[in-house]
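> build me a structure from this.
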Amino acid sequence: MPVFERREWLSPRFIPDKLPHRERELEFLIKFAGDALQSLESTYMGIVQLQGAPGLGKTSVAVNAGKRLVDKAKEIGVKLKHIHLNLGLEATPGSKFVFYSRLASKVDPYLVSRSLSPE
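Sure, this is the predicted structure:
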């Protein structure tokens, strides 16, 4: 019998589909961004910053909310792509170029970002 039922659950990249005790936060994020899906012409960009100590579930909430918003957008015929970058795993200290290059490649894998400045 293996020690771990599912080894991938131990990875810092693992995001569970269900988040017990985080429904309130998920509902807030989905409402915040979901309203914009209904009226794209009159919507302005909003920013949400999730703060807290390590291990509280900020990344899991953000990724889960993003997946739910993509599903909601599909239902109403809006094309939406959720992009997630975990700075703790993917950022290179002191290199904005690497960060923006990774971000650009997630938006469009064929985008060449050598000429794009992070400034």
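> what does the longest helix belonging to the chain contact?
Longest helix of the chain, by residue count under DSSP state H: helix 58-75. Helix 58-75 is contacted from outside by 15-17, 19, 22, 25-26, 29-30, 33-34, 37, 50-52, 79-84, 86, using Cβ atoms under 8 Å, 6 or more residues apart in numbering. Every residue, glycine included, has its C-beta placed from N, CA and C.
> same thing with stretch 4-16?
59-60, 63-64, 86, 88-89.
> where in the chain is pLDDT low?
Within the chain, the ranges that satisfy pLDDT under 70 run 1, 40-46, 89-91, 112-119.
> spatially central, which residue of it would that be?
In the chain, the residue lying closest to the centroid (Cα atoms, centre = their mean) is residue 84, at 3.4 Å.
> wait, what's in contact with it?
59, 62-63, 66.
> now it: how far from residue 63?
Distance, residue 84 to residue 63, using Cβ to Cβ, to the nearest Å: 5 Å.
> then residue 9?
From residue 9 to residue 63 the distance is 15 Å (Cβ to Cβ).
> same deal with residue 102?
16 Å.
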